[in-house]
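Q: Quick one: sequence plus predicted model below, questions after.
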Amino acid sequence: MSRPSAPDLLMTARQLLLDELLPALPRDLHYQARMIANAMVIAARDQQQGSSCAAEEAEQLTALLQRPDSGDLQELRNELASSIRNGRFDQHPRLLQQLLQINQRQLAINNPKAVRD
């Protein structure tokens, strides 16, 4: 027997919350219950897609910064921010496109309805 994955467990718990518990809760707690259900689905998507999203972002930032190695993602973000502040990317032809791609991948986890193809 295989063990259920974390996203599967979250989705099962979410469905139970929405189908069984929400109707039994007082109306003034429905909003909070729906917020919890929403957080659960975001956590499930992050569990499934978060690592690949971060790896792709690190790869893109490494190329953008023209670094020989990728390093830590937060370090890459900090270096990019510093480079932007220092004017290094003022005339860069691909910066906006790269940042939009990174943002869309992250948004696909947090709010997929907001991502338009």
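A: Alright, I've got the coordinates.
Q: Tell me, how many residues neighbour S51?
A: 10 (other C-beta atoms under 10 Å). Any C-beta I mention is one placed from the backbone N, CA and C, and that applies to glycine too.
Q: Output the longest helix belonging to this protein.
A: Secondary structure of the chain per DSSP state H: the longest helix is helix 30-65.
Q: My understanding was that A6 contacts M40; is that so?
A: No. In this structure A6 lies outside contact range of M40 using C-beta atoms under 8 Å: 10.8 Å.
Q: Who has more neighbours out of those two?
A: M40 (20 against 13).
Q: and the residue lying closest to the more buried one once chain neighbours are set aside, how far is that from R45?
A: In this structure, M40 finds its nearest non-sequential neighbour in R14, 4.2 Å apart by C-beta to C-beta, 6 or more residues apart in numbering. Using C-beta to C-beta, to the nearest Å, R14 is found at 12 Å from R45.
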